[in-house]
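*Asks:* turn this into a structure:
(one chain, ligands or ions: 1)
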Amino acid sequence: MVVLSQPIVDNLAQFKTCKPAPDIFSGIPVVDLSDPNAKARVVEACREFGFFKLINHGVSMELFNLLEAEAVKFFKLPQQEKEKSGPPNPFGYGNKRIGPNGDVGWVEYLLFSTTNSHNPNPIFPGIPQTLWCLVNEYVSAVRNMGCEVLEMIADELQMGAKDALSRLIRDENSDSCFRLNHYPPCPELQALSGRNLIGFGEHTDPQIISVLRSNNTSGLQICLKDGSWVSVPSDHTSFYINVGDSLQVMSNGRFRSVKHRVLADSLKSRVSMIYFGGPGLSEKIRPLSSVMEDGEESLYKEFTWSEYKKSAYKSRLGDNRLSLFEKS
Ligand code: GA4
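*Replies:* Numbering: from 1, shown residues only. Model (predicted):
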């Protein structure tokens, strides 16, 4: 029997769509690391948006470019070759399927654990040594930058110890990961009668802080406090930082873990790289006493990162994962 392949437009039916993207939003806070007021700007952005753009960050463009080129090379390999590094369990190569619970998106990716990233090999096969070396070099640069941001927050919020937050991701047992995403162009998008195809569905990041960089293709959107979605301008020279669920808890809800998603483009490939800075598995996640005012109650039940992670991997991408840990 000859099995004819389904028309592509039919296959698109399995992906979520959304209304056309609004115009690029010009209100995303921009923090210049060389600005003497940077600390206050970071804290303000974390409260208002849970998201900001970082400029003058000091990470070499050359490293960006080299890693991006290696990633593009990998994603251009024949599908069969790429599959040798998958399925993601949770680390490895993934195509269209996101996480273990049935979420899909118009995206392929490589997900790496960065714990013990001094290891000579990733924990799954098929990754070229050059790519793995660049991942390690890049991760160590963005981790340092993430630590710098967390130290600015600790200082601005007068946490006493400058490393109250940064030590969690600097720790050698920190449970951090790194993701290379490729959103292929989708020329059949026109057939969706003006709707947009979701590349990576709406979600918040479970960790403390995420550091994102992409090529010059837009697609990222964030959800504002009022529930509206806005498009983030692409800028391959800058980083975007977002607050994760754990930092929302540690700030007792002062900082917002920002809901975000990525839309596919009909003509251009989007490549992004994200470092997710998470604490060690046994680390307790609870509001830091130094941020609490006299008599202030914790909004959350205390949990360990390991408990939160277990619960996250049972959830669907778009679930409100923190709601299980909120005090009623
Ligand atoms: C969202 C943030 C990171 O990309 C990620 C994702 C993870 C995965 O892709 O394996 C998850 C998702 C993310 C949260 C809920 C679970 C786990 C997919 C999923 C449905 C790597 C992470 O740490 O959590």
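*Asks:* got the phi and psi for whichever residue of the chain sits closest to the ligand?
*Replies:* Going by CB to the nearest ligand atom, the ligand is nearest to Gly99 of the chain, at 2.5 Å. Glycine gets a C-beta too; all of them are placed from N, C-alpha and C. When read as degrees, to the nearest 10, the backbone of Gly99 gives phi 70, psi 180.
*Asks:* and it, how many neighbours does it have?
*Replies:* Neighbour count for Gly99, taken as other CB atoms under 10 Å: 18.
*Asks:* per-residue pLDDT, Leu192?
*Replies:* Leu192 carries a pLDDT value of 69.
*Asks:* repeat that for the one 10 residues further on.
*Replies:* The pLDDT attached to Glu202 in the predicted structure is 97.
*Asks:* just Ala21 next, same as before
*Replies:* pLDDT for Ala21: 70.
*Asks:* leaving out chain neighbours, which residue sits closest to it?
*Replies:* Ser231 (4.9 Å; CB to CB, 6 or more residues apart in numbering).
*Asks:* enumerate every residue touching the one you found.
*Replies:* 21-25, 218-221 (CB atoms under 8 Å, 6 or more residues apart in numbering).
*Asks:* can you count the residues close to Ser210?
*Replies:* Ser210 - counted by other CB under 10 Å - has 29 other residues nearby.
*Asks:* what parts of the stretch 51-200 of the chain come near the ligand?
*Replies:* 90, 98-99, 101, 103, 111, 177, 179 (CB under 6 Å from any ligand atom).
*Asks:* looking at these, state which has the most neighbours.
*Replies:* Going by other CB under 10 Å, Leu111 tops those with 23 neighbours.
*Asks:* three-state assignment of the closest residue to Val30 other than its chain neighbours?
*Replies:* Nearest non-adjacent residue to Val30, counting by CB to CB, 6+ apart: Lys53, 4.8 Å away. Here Lys53 is recorded as strand under DSSP: H, G, I helix; E, B strand; the rest coil.
*Asks:* and Lys53, what is it in contact with?
*Replies:* Contacts of Lys53 by CB under 8 Å, 6+ apart are 28-31, 235, 238-241.
*Asks:* backbone torsions only: list them for the residue nearest to Ala21.
*Replies:* phi -90, psi 130.
*Asks:* what's the pLDDT at it?
*Replies:* For Ser231, the pLDDT comes out at 95.
*Asks:* beta partners for it?
*Replies:* Ile24, Gln221 (DSSP bridges).
*Asks:* tally of neighbours for Cys18?
*Replies:* 15.
*Asks:* gap between stretch 31-38 and the chain center?
*Replies:* 23 Å (CA atoms, centre = their mean, to the nearest Å).
*Asks:* I meant stretch 220-234, not that one.
*Replies:* Taking CA atoms, centre = their mean, one finds the center of stretch 220-234 at 15 Å from the center of the full chain.
*Asks:* equivalent analysis for stretch 302-315, please.
*Replies:* Offset of stretch 302-315 from its chain centre (CA atoms, centre = their mean): 17 Å.
*Asks:* for that stretch, list every residue counted as buried.
*Replies:* Within stretch 302-315, the residues scored as buried using 16 or more other CB atoms under 10 Å are 303-305, 307-309, 311-312, 315.
*Asks:* next one: stretch 96-109
*Replies:* Across stretch 96-109, burial judged by 16+ other CB under 10 Å covers 97-99, 103-109.
*Asks:* follow-up on the earlier one: would you mind measuring from the residue nearest to Val30 to Arg143?
*Replies:* 19 Å (CB to CB, to the nearest Å).
*Asks:* quick revisit: and the buried residues of stretch 302-315 near the ligand, which?
*Replies:* By CB under 6 Å from any ligand atom, the members of the buried residues of stretch 302-315 lying near the ligand are 312, 315.
*Asks:* among the buried residues of stretch 302-315, which lie within helices?
*Replies:* Counted as lying in helices by DSSP state H, out of the buried residues of stretch 302-315, are 305, 307-309, 311-312.
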